[in-house]
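Peer 1: Generate a structure from the sequence data that follows.
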Amino acid sequence: MKITAAKLKSINGKAYTGKPEIADGDNLSLRISPKGKISFQIRHRLNGKQVRYKIGEYPAITLAQAREACAEKMALANQNLDPRKMEAVSAVEVEQIENPTINDCVEYWYKNYCLLKRDSPEDIKLRITSCLNNTWKNQYVSLMNKSHFTALFKSMSEVSSARGRGDGFVFNAIIEIRSMFRFCIRQGFISNSQFEALKPSDFATDYDSREHYLTIKECQLIWSNVDLLSITDRNKVMLRCAMVFGCRISELCKAQKTDFDLDNKLFTTQRGNSKGALHSIIRPIPDVLLEDLRHIKSQSPTFKYMFHNRDGDYPASSASASRIAAACHENIAGVSEFRMHDFRRTISTHLTDAGCPLQFTEKLLGHKMKGVLAIYNKSPMLDGITEWVNRWVLILKGEQSAL
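Peer 2: Numbers count the residues shown, from 1 in each chain. Next up, the predicted model:
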């Protein structure tokens, strides 16, 4: 007769004088100590020999769980396999959904890969999800064939277009969702690879390669009119920093106050805040920026972030900062339309024309060095970079010719 859960509860932890071992059936039995300690054990024959081993204690595992575990182990024993040699595999917790939807795949990839390996994981996830309507989000992946994936990618393009985005946005969204599916396949979360035959270029085109950079005159007009712009002090200082350092806007948005050593005149972009998180970037701070940076620091003495969000102590959004460029070309006569990222191309072009050695501009921009230099030369080259940053400031102020 099989034992009941109620019987176990009545025995557990109390003085016991009954049989020390009670069979539950189907190879599961219980051992009960005189003090009422209950252990579950399994007994069976393996390769002609009798084996017995413990599979858990009550109430850490329930009677129902013990029966389930016993059934799983007997399935192996019936194949003449020793369940005890499966402990490593059995201890691995596998996240599995019986029939994952596209949205299940997105969440699995986001948690297990994107958060751990990618810069700006929330933005990458949003790029995918903002191109998916709810019908596709809830579609079972296992039931999709090549035609269905074609319809999915076409739908993503249509949704993106309806929201006013260019082809480049959905082109990269399709690249990301294909990468997401591949990760899920590698992890055994899904097995459907029908999408592999389809290319992102079948449904959209990439962003045009941008070559725009500002002229020296445009840079000088912006520099001399920064204080006249109707933007916040934070954005004015971010604009000057972008013009001087040629840094990425995201590097400024994520910068903490401790990254600005105003005594030693150094601005460090921490490795985790640089593109690809490959290395930190150290830039000299010219005297012309010191007063501005001290002012911004003093505006929020208890805050961690230098250019914090106006709503609290967390990084300013790149989208908000990118609108600084619009304030410039809309309000300063003689300045054509540009993006904040164009300052990187601008400073590299004009410093090179002025005779600055390429390795200095590459270090200033935070690019990874190539070839032998990448392996052996770890110098920040601060003396050389400082000299050319100071020259660049004089050019911006109109006090020195670019040639």
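Peer 1: From now on I want contacts and neighbour counts done on CA atoms only, so please keep to that.
Peer 2: Will do.
Peer 1: which residues are in contact with the longest helix seen in the chain?
Peer 2: The helix spanning the most residues in the chain, taking DSSP state H as the definition, is helix 167-186. Helix 167-186 is contacted from outside by 105-106, 108-109, 124, 127-128, 131, 153, 156-157, 160-161, 190-193, 195-196, 200-201, 203-208, using Cα atoms under 8 Å, 6 or more residues apart in numbering.
Peer 1: change it to 7 Å
Peer 2: Contacting residues not belonging to helix 167-186 are listed as 105-106, 109, 127-128, 153, 156-157, 160, 190-191, 200, 204-207 [Cα atoms under 7 Å, 6 or more residues apart in numbering].
Peer 1: which one of those is nearest Leu8?
Peer 2: Ile190 (40.9 Å; Cα to Cα).
Peer 1: how many other residues sit next to the closest one?
Peer 2: When counting by other Cα atoms under 10 Å, one arrives at 21 neighbours for Ile190.
Peer 1: what's the closest non-adjacent residue to it?
Peer 2: Distances taken as Cα to Cα, 6 or more residues apart in numbering place Cys184 nearest to Ile190, at 5.7 Å, with adjacent residues excluded.
Peer 1: Could I get the pLDDT score of that neighbour?
Peer 2: Note for Cys184: predicted pLDDT of 94.
Peer 1: Let the chain start at 25 from now.
Peer 2: Okay, using 25 as the starting number, the last item reads as Cys208.
Peer 1: Could you report the neighbour count for it?
Peer 2: Neighbour tally, Cys208, other Cα under 10 Å: 20.
Peer 1: One more: Gln89?
Peer 2: Number of residues near Gln89 (other Cα under 10 Å) recorded here: 12.
Peer 1: just checking, it is part of a strand?
Peer 2: No. The assignment for Gln89, made by DSSP: H, G, I helix; E, B strand; the rest coil, is helix rather than a strand.
Peer 1: Now do the helices in the stretch 225-374 of the chain.
Peer 2: Secondary structure of the stretch 225-374 of the chain (DSSP state H, counting those that start in this stretch): helices located at 240-249, 257-269, 273-277, 311-323, 342-346, 348-355, 366-377.
Peer 1: Show me which positions of the first one end up buried.
Peer 2: If you call a residue buried by 16 or more other Cα atoms under 10 Å, then helix 240-249 has these buried ones: Ile240, Glu242, Cys243, Gln244, Leu245, Ile246, Trp247.
Peer 1: In TSV: these, plus pLDDT and distance to Arg307.
Peer 2: Below are the buried residues of helix 240-249 laid out as TSV (pLDDT from 0 to 100; distance: Cα to Cα, whole Å):
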residue	pLDDT	distance to Arg307
Ile240	96	22
Glu242	96	24
Cys243	96	20
Gln244	97	22
Leu245	97	24
Ile246	97	22
Trp247	97	20
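Peer 1: any idea which of those residues is closest to Ala378?
Peer 2: Using Cα to Cα, Ile240 is the member of those that lies nearest Ala378, at 11.5 Å.
Peer 1: OK, contacts around Ile79?
Peer 2: With contact set as Cα under 7 Å, 6+ apart, Ile79 has these partners: Phe64, Gln65, Ile66.
Peer 1: Nearest to Lys38 among those?
Peer 2: Using Cα to Cα, the contacts of Ile79 come closest to Lys38 at Phe64, 17.1 Å.
Peer 1: And the average pLDDT for stretch 168-179 is what?
Peer 2: 96.
Peer 1: Give the buried residues for it.
Peer 2: Applying 16+ other Cα under 10 Å to stretch 168-179 flags Met168, Phe173, Thr174, Leu176, Phe177, Lys178, Ser179 as buried.
Peer 1: same thing with stretch 148-162?
Peer 2: Ile148, Lys149, Arg151, Ile152, Thr153, Cys155, Leu156, Trp160, Lys161.
Peer 1: Can you tell me which of the helices of the stretch 225-374 of the chain is nearest to Val75?
Peer 2: Minimum separation from Val75 across those (Cα to Cα) falls at helix 273-277, 62.6 Å.
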